[in-house]
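Colleague: my questions are about this predicted structure, shown below with the sequence.
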Amino acid sequence: MKNILLVCAAGMSTSMLVNKMEEAAKEKEEEININASSGGDVSKYIEDAHILLLGPQVSYLKKQYESDYSSKGIPVEVIDSLDYGTMNGKKVLDWALNTIENNN
């Protein structure tokens, strides 16, 4: 099972994207666990994460999270602002899974 963690300022907008990504995962018939979090709650989910995706509004945190988690093999990426704004869960999910695959 793949574990994807999304982070935004308050965790609310990413929750909507998580729902869209979960719908896309069901269509793929893949077991994927997706969590949304505010920046302050990352530690609750990061140990199981295969990738950390940042909402565009918190892209400024990328270097900090890379410093904290890249050494643990967890890629840190910023979600494309168009995909985020349109809540394109399928595209974000496919991109995340490809990134995980290419990181292994």
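Modeller: The structure has been received and is ready for your questions. Numbering: from 1, shown residues only.

Colleague: just the C-alpha atoms of the lowest-mean-pLDDT helix or strand in the chain, please, in CSV.
Modeller: Each helix and strand of the chain was given a mean pLDDT (mean pLDDT, DSSP states H and E); the minimum falls on helix 42-45 at a mean of 84. As requested, the backbone C-alpha atoms of helix 42-45 are provided in CSV (Å, rounded to 0.1, in the frame of the first residue of the first chain):
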residue,chain,number,x,y,z
VAL,A,42,3.0,16.5,9.5
SER,A,43,4.7,14.5,12.2
LYS,A,44,1.5,12.5,12.8
TYR,A,45,1.7,11.0,9.3
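
Colleague: from the rest of the structure, what touches it?
Modeller: N3, L5, V7, N35, S37, L52, Y65 (CB atoms under 8 Å, 6 or more residues apart in numbering). (C-beta placed from N, C-alpha, C; glycine too.)

Colleague: again, 6 Å this time
Modeller: If you take CB atoms under 6 Å, 6 or more residues apart in numbering as the criterion, helix 42-45 is touched by L5, N35, S37.

Colleague: residues contacting the next helix-or-strand element following that helix, please?
Modeller: Counting by DSSP states H and E, the next helix or strand C-terminal to helix 42-45 is strand 51-54. Strand 51-54 is contacted from outside by 4-7, 62, 65, 74-79, 96, 99-100, using CB under 6 Å, 6+ apart.

Colleague: which of those sit farthest apart?
Modeller: Using CB to CB, the two most remote members of these are K62 and I100, lying 17.1 Å apart.

Colleague: what comes up buried for the longest helix that the chain contains?
Modeller: If you go by DSSP state H, the chain has its longest helix at helix 12-28. In terms of neighbour count (16 or more other CB atoms under 10 Å), helix 12-28 has its buried residues at S13, T14, L17, V18, K20, M21, A24, A25.
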